[in-house]
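*Asks:* coords below, sequence missing:
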């Protein structure tokens with residue numbers, strides 16, 4: 001009985017983010033489309049990889065939802081037999097989510113490196129202008 005309750009609790013915990021996510025999906029779709037377009041301009045292969053990871057994630061999510069719906073439709077006495085299937089679906093979904101997070105982390109790290117390089121160039125330009133400013137002030141003082 002406690003395993004059934006634990007399974008139902010896990011199901012509720014993992015399902016709550018999916019419900020909230022579905023409500024925000026319209027806004028997220030527009031942001032995601034813009035992100036993919038930006039990736040395509042930067043690196044088409046990276047955009048293709050993200051799209052493939054996203055499709056795998058959506059497939060894993062759909063499978064998890066199917067397993068959860070089947071689990072919920074079962075009478076309580078049959079639910080323990082369905083736990084391995086829902087556990088596998090949870091694992092697949094989590095793995096797909098982690099792959100997306102890893103992709104985004106790698107992308108953001110590359111972005112930060114580019115920003116840091118740009119910042120270094122800007123600082124160098126400011127320092128160069130400062131040296132020029134100092135020389136001009138010396139000329140004015142003479």
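*Replies:* Cool, the structure landed. Values in this document were obtained by computation on a predicted structure and should not be read as measured data.
*Asks:* contact partners for residue 89?
*Replies:* 60, 63, 64, 66, 67, 68 (C-beta atoms under 8 Å, 6 or more residues apart in numbering). All C-beta spots, glycine's among them, are computed from the backbone N, C-alpha and C.
*Asks:* export those residues to CSV and tack on distance to residue 142 and pLDDT?
*Replies:* Below are the contacts of residue 89 laid out as CSV (distance: C-beta to C-beta, whole Å; pLDDT from 0 to 100):
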residue, distance to residue 142, pLDDT
60, 74, 97
63, 79, 96
64, 77, 96
66, 83, 95
67, 83, 94
68, 82, 93
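*Asks:* can you turn the buried part of these into a PyMOL selection?
*Replies:* To isolate the buried ones among the contacts of residue 89 in PyMOL, judged by 16 or more other C-beta atoms under 10 Å, type:
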select buried, resi 60+63+64+67+68
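*Asks:* which one of the contacts of residue 89 is nearest residue 80?
*Replies:* residue 67 (14.2 Å; C-beta to C-beta).
*Asks:* tell me the spacing between the one residue sitting closest to the centre of the chain and residue 50.
*Replies:* The chain has residue 101 as the residue nearest its centroid, 4.3 Å off, counting by C-alpha atoms, centre = their mean. Distance of residue 101 to residue 50, given as C-beta to C-beta, to the nearest Å: 12 Å.
*Asks:* sounds good, over and out.
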